[in-house]
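S.K.: Structure, please.
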Amino acid sequence: MLGWLLQRVAQALLVIFAMSLVVFLGLHAVGNPADLLLAPDATQIDRAELVARLGLDRPLWQQYLNFASSALQGDLGRSFVYNVPAVTLILQRLPATLELAFAAMVFAVIIGVPLGLYAGLYPERVLSKLIQTGSILGFSLPTFWVGLLLIMTFSVSLGWLPASGRGETVRVFGVEWSFLTLNGLRHLLLPAINLSLFKVSLVIRLTRAGVREVLPLDYVRFARAKGLRRGRIVMMHILRNIMIPLVTVLGLELGSTIAFAVVTESIFAWPGSGKLILDSINALDRPVVMAYLLVVVTLFVIINLVVDILYRFLDPRVREEASA
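M.R.: Numbering: from 1, shown residues only. Predicted coordinates:
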């Protein structure tokens, strides 16, 4: 187990290094931040001073080595626009994004798993066919269009829920959280539903496919022959086995939800890191973009590692193969 864990950590560090190199080269191939930061009437002397102060006059390899050396010490550079540490800006906004992403995944599980179970257990019923049709719509509808529709319906027309912002928050361990207040929950509901739409559809399809695959297997038929109650068979034999691929997919989807919450945050004016990264890209604020991508990739790596560990505990066959 220890050897496998060390191997996975080494792979994770290699992924982070490769990503940082690719992104660093890509960012420095697009535009020059000095063109956006300088006033139109700036002189060549002003431009040269700014380029030297930002370190953009050095060779590209030296810039990357300086960045990598500082990153190993926890310093991801200072924002060109805000003149504060880039990682500070990211960490200030990241809790809002994490809260939104986790809320979306909770919706995906509590809605998608029961609907997928029903559709898999009773595939010929009318409701099951409606659930499958709805899951296809969830894959097809654009996120920005659904978000605007939710705002027009529940905020503008009905006035039930707020259309933007994060609402009231509560500070816990130095971090602001909105889900701990009623007003914050009301603000969280619409963007979380919007962000979870694709995930709900994915969970429904995966759960239904898993149920249809497991139902004909011998251990389920044997459980029926023993006279076990249907609810016990579903919970102990069917759901337990389909959770193995579900955990893997949901772990990967959590990472993508964090990374691609940008559209939802923009529509609902949610003060997360997505809005910050859009503004930083427009301003060519390289340190902030670089810090954001490094933080997101690190989250991806950690989530994948946790998923792998959970997979080993859920599936005994993986443990046996590893120990063989």
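S.K.: Confirm T264 sits in a strand?
M.R.: No. Assigned with DSSP: H, G, I helix; E, B strand; the rest coil, T264 falls outside any strand and is helix.
S.K.: In this structure it contacts L100, no?
M.R.: Yes. Contact between T264 and L100 holds when scored by C-beta atoms under 8 Å: they sit 7.1 Å apart. Bear in mind the C-beta positions are built from the backbone N, C-alpha and C, glycine included.
S.K.: who's in contact with the residue positioned nearest the centre of the chain?
M.R.: The centroid of the chain falls nearest to I258 when counting by C-alpha atoms, centre = their mean (2.1 Å). Listed by C-beta atoms under 8 Å, 6 or more residues apart in numbering, the contact set of I258 reads T97, L98, A101, V296, L299.
S.K.: Check V301 too.
M.R.: Contacts of V301 by C-beta under 8 Å, 6+ apart are A12, V15, I16.
S.K.: Now render those as JSON lines, adding secondary structure.
M.R.: Formatted as JSON lines, the contacts of V301 follow (three-state DSSP):
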{"residue": "A12", "secondary structure": "helix"}
{"residue": "V15", "secondary structure": "helix"}
{"residue": "I16", "secondary structure": "helix"}
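S.K.: about what we covered before: need the residues touching each of T264 and L100.
M.R.: P191, L195, W270.
S.K.: List the contacts of stretch 96-110.
M.R.: Taking C-beta under 8 Å, 6+ apart as the rule, stretch 96-110 contacts 166, 176-179, 188, 191-193, 195-196, 199-200, 202-203, 250, 253-254, 257-258, 261, 264-265, 270-274.
S.K.: Strands of the stretch 151-300 of the chain, start to end?
M.R.: 170-172, 175-177 (DSSP state E, counting those that start in this stretch).
S.K.: Looking at those, which is nearest to L149?
M.R.: strand 175-177 (27.6 Å; C-beta to C-beta).
S.K.: Let me see the mean pLDDT of that closest one.
M.R.: Strand 175-177 shows a mean pLDDT of 82.
S.K.: Stretch 139-154 too?
M.R.: 86.
S.K.: Tell me how many other residues surround L137.
M.R.: 11 (other C-beta atoms under 10 Å).
S.K.: Please disregard the earlier target; I meant L215.
M.R.: 17.
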